[in-house]
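Model the following, please.
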Amino acid sequence: MATYRYRCETDGPHEVARPIGTAEETLDCPECGAAMPRVFAAPMLALGSASARSLIERTERSRERPDVVSAPPPTSGRRAGPAADPAWSQLPRP
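Predicted structure coming up:
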């Protein structure tokens, strides 16, 4: 079962549980009887791991306010070892 949200202009939001894919576009408000359009909301992602939530939050923030960098991030100090294929050593280096 999925929870769908509807918003009444006078009575505010209402939630309705329905099987996935069976929600109507509008419902009648249980309090005043007016037509309520369905409101799309973000899925419940808070149930995921903390690292996944952090990644999602950083991605959302970077969409509005991307970080400005002046240089690439520092390397860990480890250099790549020799290539496994000896033919690669013959390629030109940048």
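
Surely Arg61 forms part of a helix?
Yes. Following the definition DSSP: H, G, I helix; E, B strand; the rest coil, Arg61 is counted among the residues of a helix.

Which residue ranges of this protein form strands?
With strands called from DSSP state E, the chain shows them at 2-8, 12-18, 26-28, 35-39.

I'd like those strands laid out as TSV, including mean pLDDT and mean neighbour count.
Any C-beta I mention is one placed from the backbone N, CA and C, and that applies to glycine too. TSV is the format used below for the strands of the chain (pLDDT from 0 to 100; neighbours: other C-beta atoms under 10 Å):
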stretch	mean pLDDT	mean neighbour count
strand 2-8	90	16
strand 12-18	90	12
strand 26-28	92	14
strand 35-39	93	15
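
Let me have the ones you listed in a markdown table, adding distance to Arg53 as columns.
Formatted as a markdown table, these follow (distance: least, C-beta to C-beta, whole Å):
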| stretch | distance to Arg53 |
| --- | --- |
| strand 2-8 | 20 |
| strand 12-18 | 22 |
| strand 26-28 | 31 |
| strand 35-39 | 23 |
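
Gln90 is nearest to which of those strands?
Among the strands of the chain, the nearest to Gln90 by C-beta to C-beta is strand 2-8 (59.0 Å).

Could you find the residue nearest the spatial middle of this protein?
Ile56 (5.3 Å; C-alpha atoms, centre = their mean).

Report the helix or strand with the lowest average pLDDT across this protein.
Across the helices and strands of the chain, the lowest-confidence element by mean pLDDT, DSSP states H and E is helix 50-64, at a mean of 82.

and it, C-alpha only, in PDB?
Output in PDB follows, covering the C-alpha atoms of helix 50-64 (Å, rounded to 0.1, in the frame of the first residue of the first chain):
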ATOM      1  CA  ALA A  50      22.600   7.800   7.000                       C
ATOM      2  CA  SER A  51      25.300   7.800   4.300                       C
ATOM      3  CA  ALA A  52      22.600   7.600   1.500                       C
ATOM      4  CA  ARG A  53      20.600  10.400   3.100                       C
ATOM      5  CA  SER A  54      23.700  12.500   3.400                       C
ATOM      6  CA  LEU A  55      24.600  11.900  -0.300                       C
ATOM      7  CA  ILE A  56      21.100  12.900  -1.400                       C
ATOM      8  CA  GLU A  57      21.100  16.000   0.700                       C
ATOM      9  CA  ARG A  58      24.500  17.100  -0.700                       C
ATOM     10  CA  THR A  59      23.300  16.500  -4.200                       C
ATOM     11  CA  GLU A  60      20.200  18.500  -3.600                       C
ATOM     12  CA  ARG A  61      22.200  21.400  -2.100                       C
ATOM     13  CA  SER A  62      24.700  21.400  -5.000                       C
ATOM     14  CA  ARG A  63      21.800  21.800  -7.500                       C
ATOM     15  CA  GLU A  64      20.900  25.200  -6.000                       C
END
